[in-house]
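Participant: requesting a structural model of the entry that follows:
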Amino acid sequence: MERFTISLDARLAREFDGWLRAHGYANRSEAVRDLLRLRIEADRLERGEAPHCVAALSYVYDHGERELAERLTARSHEHHDLCVSTMHAHLDHAHCLETVILRGETASVRAFADAIRAERGVRHGALNVVPVEVDPPQAGHRHAPGHAPHVHGRPAT
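Facilitator: The predicted model follows:
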């Protein structure tokens with residue numbers, strides 16, 4: 001672990017301390033580490049230097065919209081290589097919230113998310129992307145019988 005010191009004026013330090021308490025941080029170091037990771041990964045994504053990612057796509061939709069649920073399910077099946085899992089929750093008599101966990105090439109994940117959000121009847125779509133570094137296949141590494149081959153990745157920062 002490397003240490004460094006920063007200087008803050010009194011007002012900024014008070015505001016930062018209030019922010020970290022409001023967000024549940026135990027100390028300044030943890031908050032600074034998370035803020036740095038967030039900014040570094042956002043820059044990496046903006047520059048197109050994050051070829052692989054994991055992501056969560058969340059959206060609200062009107063299940064009464066003609067054939068929308070079927071179209072959403074069909075899109076997920078068409079991209080089964082990206083879609084790891086889907087959680088579905090009923091919000092009221094007309095609206096549902098779905099969250100899809102995605103894994104794959106960042107460009108493909110973004111294209112899938114854009115297509116879902118563009119469906120008529122889908123509202124409030126948001127994509128949270130976390131860049132990952134993909135480990136090269138390891139010699140002798142085996143998966144359980146019947147499991148599809150897959151890549152292993154870990155957060156880049």
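Participant: in the protein, which spans are helices?
Facilitator: Remark: helices assigned in the chain by DSSP state H are 10-22, 28-46, 68-78, 106-118.
Participant: can you report how many residues neighbour residue 54?
Facilitator: Close neighbours of residue 54, defined as other C-beta atoms under 10 Å, add up to 19. Backbone N, C-alpha and C define where each C-beta goes, glycine included.
Participant: and the pLDDT for it?
Facilitator: We have a pLDDT of 93 for residue 54.
Participant: who are the contact partners of it?
Facilitator: For residue 54, the contact set (C-beta atoms under 8 Å, 6 or more residues apart in numbering) comprises 101-103, 129-130, 132, 153.
Participant: who does it bridge with?
Facilitator: residue 103, residue 130 (DSSP bridges).
Participant: can you give me the buried ones in the helix-or-strand element of the chain with minimal mean pLDDT?
Facilitator: When each helix and strand of the chain is scored by mean pLDDT, DSSP states H and E, strand 152-155 comes last, with a mean of 76. The neighbour-count check on strand 152-155 (16 or more other C-beta atoms under 10 Å) flags residue 153 as buried.
Participant: which strands border it, and is each parallel or antiparallel?
Facilitator: strand 122-135 (antiparallel).
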